[in-house]
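In: Dropping the sequence and predicted coords here.
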Amino acid sequence: MSKSVLYMSVSLDGFVCGPNETPDNGLGDNGGRLHWWIREEAEADPEGANARIMEEAMATGAVVAGRGTVEPAGWWKGDHHDGVPVFILTRTRTSADVEQWPLITVLDDVTEAITRAKEAAGDRDVLVHGVGVAAAALSAGVLDEVQLHLVPTILGEGRRLFEGIGAEPHEFELIRSLEGAGVTHLRYRVVG
């Protein structure tokens, strides 16, 4: 059965991007520090934990992301990875050139986006991207798991994971912990 899984790198102080985040500076100032493990360590040790996590992420069968994630990345030029369907959650009008990419579907409802992504993914998981989508999916009860990549750095400012989600408690169960080079990968099941 397909699961919706948030994959997110996070600093020790809880930030997923640095300050001054803009479409031209998508990870904010110094936010790239959160992703060095992907570029360097996963390639340097193809048998290590970091490479394993990247392999899992790339094996997902569909992607759900928000506009704030895809715009700085140029909408991934219509293909996030290996031709899987991409569902973008936004309430604002998209430019006409987005319609030229057959893998991208734009929706305004997180439950519909996750449901359609799971159908498209078949027995593979759905990769969830973005702070807004993560918060909406958790609040709607359609986020199944959270895969955090805890990077030993402090950004001090920026955007926090689950920022603005409110005071309603949410519970998670740790189902896996892997030590990678310079990062700890923590996977949680959403239990309530």
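Out: Good, I have the coordinates.

In: so what's Thr184 up against?
Out: 149-150, 177-178 (Cβ atoms under 8 Å, 6 or more residues apart in numbering). C-betas here are computed from N, CA, C, even on glycine.

In: Which strands or helices does the longest helix along the chain pack on?
Out: Secondary structure of the chain per DSSP state H: the longest helix is helix 110-121. If you count contacts as 3 or more Cβ pairs under 8 Å, 6 or more residues apart in numbering; DSSP states H and E, helix 110-121 packs onto strand 4-11, strand 62-66, strand 86-89, strand 104-107, strand 126-128, helix 131-140.

In: and the angle for that helix with helix 131-140?
Out: Relative orientation of helix 110-121 versus helix 131-140 (axes from the mean of the first three to the mean of the last three Cα atoms, to 10 degrees): 100 degrees.

In: send the alpha carbons of helix 110-121 over as CSV?
Out: Extracted in CSV, the C-alpha atoms of helix 110-121 (Å, rounded to 0.1, in the frame of the first residue of the first chain):
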residue,chain,number,x,y,z
VAL,A,110,-4.3,18.6,-0.3
THR,A,111,-6.6,15.5,0.3
GLU,A,112,-7.3,15.2,-3.4
ALA,A,113,-3.6,15.7,-4.3
ILE,A,114,-2.4,13.0,-1.9
THR,A,115,-5.3,10.6,-2.9
ARG,A,116,-4.5,11.1,-6.6
ALA,A,117,-0.8,10.7,-6.0
LYS,A,118,-1.3,7.5,-4.1
GLU,A,119,-3.4,6.1,-7.0
ALA,A,120,-0.8,7.1,-9.5
ALA,A,121,2.1,5.6,-7.4
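
In: Done for today, thanks.
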